[in-house]
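Novice: one predicted model, sequence on top.
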Amino acid sequence: QVQLVESGGGLAQPGGSLRLSCTASGSIFTSSMRITNMAWYRQAPGKQRELVASIGVRGTTNYADSVKGRFTISRDSAKNTLYLQMSSVKPEDTAVYYCNRVGEKWSWGQGTQVTVSS
């Protein structure tokens with residue numbers, strides 16, 4: 001069974017930056033982020049979970065229009081860790097952020113709360 005642990009959230013002022021991290025543990029064969037497309041998702045209060053950014057096995061990235069040009073997704077295969085660099089954050093980025101595969105999901109982690117407020 002794969003366990004996902006997200007971290008790095010917190011309070012940021014509008015225009016500020018945060019860097020989120022996500023690690024996967026479990027069987028090395030099932031938890032390796034190198035062999036699966038990964039993504040960051042977020043869920044704001046009262047809203048459905050939405051995909052924010054994804055990264056393919058070969059490094060191809062895609063972003064939701066709302067974060068394009070401000071967020072960067074990356075992966076450190078050696079550390080089996082996924083990152084989300086958030087820059088120029090806005091109040092509407094406030095949400096709980098999760099990582100998971102694209103497509104068939106592993107069990108969701110606890111997520112990390114991001115709050116953007118002055």
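Specialist: Everything's here; your move. Residues are numbered from 1 along each chain as shown.

Novice: got the phi and psi for Pro91?
Specialist: Pro91 adopts backbone torsions of phi -60, psi -30, taken as degrees, to the nearest 10.

Novice: enumerate every residue touching it.
Specialist: Pro91 makes contact with 14, 116-117 under the criterion CB atoms under 8 Å, 6 or more residues apart in numbering. Heads up, the C-betas are built off the backbone N, CA and C, glycines and all.

Novice: could you report the pLDDT at it?
Specialist: Predicted confidence (pLDDT) for Pro91: 97.

Novice: ok, now Thr30?
Specialist: Model confidence at Thr30 (pLDDT) stands at 69.

Novice: if we can go back for a sec, redo the contacts of Pro91 as a markdown table? Include secondary structure.
Specialist: Formatted as a markdown table, the contacts of Pro91 follow (DSSP: H, G, I helix; E, B strand; the rest coil):
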| residue | secondary structure |
| --- | --- |
| Pro14 | coil |
| Val116 | strand |
| Ser117 | coil |
